[in-house]
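1. 3D, please:
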Amino acid sequence: MNSAPAVRSRLLGKPEDDFREVPRRRFGALLTLGWLGPLFFTVVGGIMRFWHVGAPHQLIFDETYYVKQGWSMVLFGYEMKVDPILEQAKQVDQHFTANDPFVWGTEGDFVVHPPVGKWLIGLGEIPFGILNSFGWRFAVALAGTLSILMVGLIARRLFRSDLLGAVAAALLAFEGHHFVHSRTGLLDIFVMFFGLAAFGALLIDRDKAREVLAAKVAGIPRAELSFLGPWIGWRPWRWVAGVMLGLAAGVKWSGLYFLVGFGLLTVIWDMGARRAAGVRGWYVAWVVKDGFYAALQLVGTAAVTYVASWTGWILTRGGSFRDWAQTRPSGGLGGMLPDWWRSLWAYHQQMFESSASINSPHPYQTSPWSWLIQGRPTSFFYEGPVKGEDGCLVDQCSKAITSIGTVSVWWGATIAIFVLLFRWALRRDWRAGAVLSGIAAGYLPWFFLADRTIYSFYEVAFVPWIVLACVYVLGLIMGGRDASVARRRVGLGVVGAFVLLTIGLFAFFHPIYVADVIPQQEWSQRMWFPSWV
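-> Modelled structure (predicted):
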């Protein structure tokens, strides 16, 4: 007999370990550490990210593309080429940041990244005006701030711990890559944001689906259950995840790897749920009842969302490749397709070929093997003012923005990954597998693209799961509810020390995250390894 308590325990864990049961017996959900901790660090992290985010008032690194393209999306609905006269004179950025930001010519620009991230940057520019550099970075700062709250609530649900949720939010708030990208008008922070949102939606879906399954099989003897088990329902949170994954791919195609990784993850969770519920045909049901439906929800919804993100290009006429099909009639099946679809397909073929051919040497290109240990951080901005310039009080100063991850988090996660692999493979800990899926989706594909020119700052896309890996191990050190008082005290001390170390390291590197003018000697003290220079 599948008793209700037994089934719920197998599918969702013990009720006393469920964090959702605790707030109701205390002061209400919003008055517990589960919310107050992540909210506190979200506010702190948000203040740091928005404080003087408009400095320096000049386009740094690849902002030279995305900030201008964002405003072009607002004006035209697509990316416009810059004025060839200004481009030839190398005065585009100076003209854009000075007093007349209208720097476009008359033709659509061919670009290799989809439009979502640039739309978001452009929408952030509207309230503040294009001459205000605060607006250039408003959208990325907002995405970075909200993701702190998201990772805290995700960790709370994943680890069933209010404290670990607060720790996760703290670590992300003081993580260097995340901080720099939250203050720089680039695209990768949006890949991270939508990938993390999809992960959170799938976690909620996992819990709710198991609640439904437990209710439907409770009290029914296993022998009387249908071979495939009951249908779990419409599962709206998985539709939400599909939209988020479509938006992630609509920022950069690297977001597609999250679709693959999380799609496999959710159907594996379904398979495990049916098996735990006593469904005899769980090995068939996860394909027939869960797999095809999951593909529709995730892949189908993501595809529709992705195509919809091109609406500005579709509804206008001036974008690159927009009229490609009109000059190339097609017979057969191709002739039945609308011209915009054929043009969009041709555009994507060219995007793929162009992306695959990006292999020009660059001083900051790196191998993915060095990413976790911060082997070669990317310099986004550097100036060397001398005494009397820009507030410099010594003979030679430095003014830099360098995307260096907080090393306690990244070096700690490098070790933590091996712990997670052990716990996942040998202890069947689904939480370890969930964290590893995010790291694998964001990190492993770059090893197959190592012949391209790639940079370590791409790793910001999977930094939330790096944080979650650290939090997982900290949770093991601290122990669960049944741990001894002595262990809990020692564990809490280790957790507190790790968070304080992370904050201290972040404070040490902060001047080269925000372009503070410091003596060059102090800049050199922060370049710990020759490869960092």
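2. C-alpha only now, for contacts and for neighbours.
-> Will do.
3. show me the shaky parts of the stretch 301-450 of the chain.
-> Low-confidence segments of the stretch 301-450 of the chain (pLDDT under 70): 331-335.
4. contacting residues for the residue minimising distance to the centre of the chain?
-> Central residue of the chain (Cα atoms, centre = their mean): M192, 1.0 Å from the mean position. In this structure, M192 makes contact with A248, V460, A461, F462, V463, P464, judged by Cα atoms under 8 Å, 6 or more residues apart in numbering.
5. now intersect these with the helices, please.
-> The helices in this structure, assigned by DSSP state H, contain A248, V463, P464 from those.
6. most surrounded residue in these?
-> Of all the ones in helices among the contacts of M192, the highest neighbour tally under other Cα atoms under 10 Å goes to A248, namely 34 neighbours.
7. so what's that one up against?
-> If you count contacts by Cα under 8 Å, 6+ apart, A248 has them with F190, V191, M192, F193, F194, G195, G255, L256.
8. switch to 7 Å and redo it
-> With contacts defined as Cα atoms under 7 Å, 6 or more residues apart in numbering, the neighbours of A248 are F190, V191, F194, G195, G255.
9. would you list those in a markdown table and tack on pLDDT and neighbour count?
-> Shown next, in a markdown table, are those (pLDDT from 0 to 100; neighbours: other Cα atoms under 10 Å):
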| residue | pLDDT | neighbour count |
| --- | --- | --- |
| F190 | 98 | 31 |
| V191 | 98 | 30 |
| F194 | 98 | 26 |
| G195 | 98 | 31 |
| G255 | 97 | 25 |
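10. narrow those residues to those in helices?
-> F190, V191, F194, G195.
11. which non-adjacent residue is nearest the second one?
-> Same thing as V191. Using Cα to Cα, 6 or more residues apart in numbering and skipping residues adjacent in sequence, the residue nearest V191 is A248, 4.9 Å away.
12. pLDDT score for the one you found?
-> Looking at A248, its pLDDT stands at 98.
13. could you check the pLDDT of the residue nearest to the centre of the chain?
-> Taken from the predicted model, the pLDDT recorded for M192 is 98.
14. ok, so what distance separates it from H178?
-> For M192, the distance to H178 under the criterion Cα to Cα, to the nearest Å works out to 9 Å.
15. cool, and G105?
-> With the distance defined as Cα to Cα, G105 ends up 35 Å from H178.
16. just to revisit the earlier point, could you export the contacts of M192 as CSV, including distance to R183?
-> As requested, these are exported to CSV (distance: Cα to Cα, whole Å):
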residue, distance to R183
A248, 19
V460, 13
A461, 15
F462, 17
V463, 16
P464, 17
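17. from these, pick the one nearest M150.
-> Within the set of the contacts of M192, P464 lies nearest M150; the separation is 9.5 Å, counting by Cα to Cα.
18. quick one: the strands in the stretch 51-200 of the chain?
-> Using DSSP state E, counting those that start in this stretch, the strands found in the stretch 51-200 of the chain span residues 80-82, 104-108.
19. which residues are common contacts for M192 and H178?
-> Contacts common to M192 and H178, judged by Cα under 7 Å, 6+ apart, are V460.
20. got a list of contacts for stretch 220-237?
-> Outside stretch 220-237, the residues that reach it (Cα under 7 Å, 6+ apart) are 1-2, 201-202, 204-205, 209, 212-213, 278-282, 285, 289.
21. ok, now how distant is L187 from S367?
-> L187 sits 20 Å away from S367, going by Cα to Cα.
22. tell me which of those two has more neighbours.
-> Remark: of L187 and S367, L187 carries more neighbours, 25 against 18, as counted by other Cα under 10 Å.
23. for that one, what are its contacts?
-> If you count contacts by Cα under 7 Å, 6+ apart, L187 has them with G117, V251.
24. got phi/psi on it?
-> With angles defined as degrees, to the nearest 10, L187 sits at phi -100, psi -20.
25. give me the pLDDT for it.
-> Per-residue confidence (pLDDT) for L187: 97.
26. any idea how far the host helix or strand of F498 is from the chain center?
-> Following DSSP states H and E, one finds F498 within helix 485-509. Its chain's average C-alpha position is 25 Å from that of helix 485-509, according to Cα atoms, centre = their mean, to the nearest Å.
27. could you do stretch 453-461 as well?
-> Between the centre of stretch 453-461 and the centre of its chain there are 12 Å (Cα atoms, centre = their mean).
28. so what touches it?
-> Defining contact as Cα under 7 Å, 6+ apart, one finds that stretch 453-461 is touched by 177-178, 188-189, 191-192, 358-361, 364-366, 371, 376-378, 403, 442-443.
29. now, of the residues you listed, which are buried?
-> Applying a neighbour-count criterion of 16 or more other Cα atoms under 10 Å, the buried members of the contacts of stretch 453-461 are 177-178, 188-189, 191-192, 364-366, 371, 376-378, 403, 442-443.
30. looking at these, spot the one nearest G124.
-> The nearest one, if we look at these relative to G124 and count by Cα to Cα, is I189, at 14.3 Å.
31. can you name the residues that contact that closest one?
-> Applying Cα under 7 Å, 6+ apart, one finds that I189 lies in contact with V140, G144, H181, S182, V460, A461.
32. may I have the predicted confidence score for the third one?
-> What the model reports for H181 is a pLDDT of 98.
33. re the thing from before, and the contacts of stretch 453-461, which of them are in helices?
-> When DSSP H defines the helices, the subset of these inside them is H177, H178, D188, I189, V191, M192, G442, Y443.
34. farthest-separated two in these?
-> Taking Cα to Cα as the measure, these reach their widest spread between H178 and Y443, a distance of 15.6 Å.
35. related to what we said a few turns ago, which pair of the contacts of stretch 220-237 spans the longest distance?
-> Spatial extent of the contacts of stretch 220-237 (Cα to Cα) is set by the pair M1 and A201 at 32.2 Å.
36. looking at those two, which one has more neighbours?
-> Under the neighbour definition other Cα under 10 Å, M1 and A201 were set side by side, and A201 has more, 20 against 14.
37. in what helix or strand does the more buried one lie?
-> Per DSSP H and E, the secondary structure element for A201 is helix 188-217.
38. pLDDT at A201, what is it?
-> At A201 the predicted local confidence, pLDDT, stands at 98.
39. is it true that E107 touches V82?
-> No. Between E107 and V82 no contact is recorded; they are 8.4 Å apart, counting by Cα atoms under 7 Å.
40. these two: which has the busier surroundings?
-> In terms of neighbours (other Cα under 10 Å), V82 is the more surrounded of E107 and V82; the figures are 20 against 14.
41. OK, contacts around F321?
-> Listed by Cα under 7 Å, 6+ apart, the contact set of F321 reads S343, Y347.
42. equivalent analysis for K118, please.
-> Taking Cα under 7 Å, 6+ apart as the criterion, K118 is in contact with Y66, Q69, G70.
43. same check, this time on M80
-> By Cα under 7 Å, 6+ apart, the neighbours of M80 are S72, W104, E107, G108, D109.
44. quick check, nearest of the buried ones among the contacts of stretch 453-461 to V243?
-> Nearest to V243 among the buried ones among the contacts of stretch 453-461, counting by Cα to Cα, is V191 at 12.9 Å.
45. ok, now which ones touch that closest one?
-> For V191, the contacting residues are A248, V251, K252, G255, A461, taking Cα under 7 Å, 6+ apart as the criterion.
46. now for these: which two are most distant?
-> The widest separation within the contacts of V191, taken as Cα to Cα, falls between V251 and A461 and amounts to 11.4 Å.
47. helices of the stretch 1-150 of the chain, start to end?
-> 4-12, 21-24, 33-50, 63-76, 84-88, 92-98, 116-125, 133-136, 138-159 (DSSP state H, counting those that start in this stretch).
48. beta partners of the nearest residue to G391 once chain neighbours are set aside?
-> Counting by Cα to Cα, 6+ apart, V517 is the residue found nearest to G391 once chain neighbours are left out, at 7.0 Å. V517 has these beta-bridge partners by DSSP bridges: K399.
49. how close does V517 sit to D270?
-> From V517 over to D270 (counting by Cα to Cα), the distance is 54 Å.
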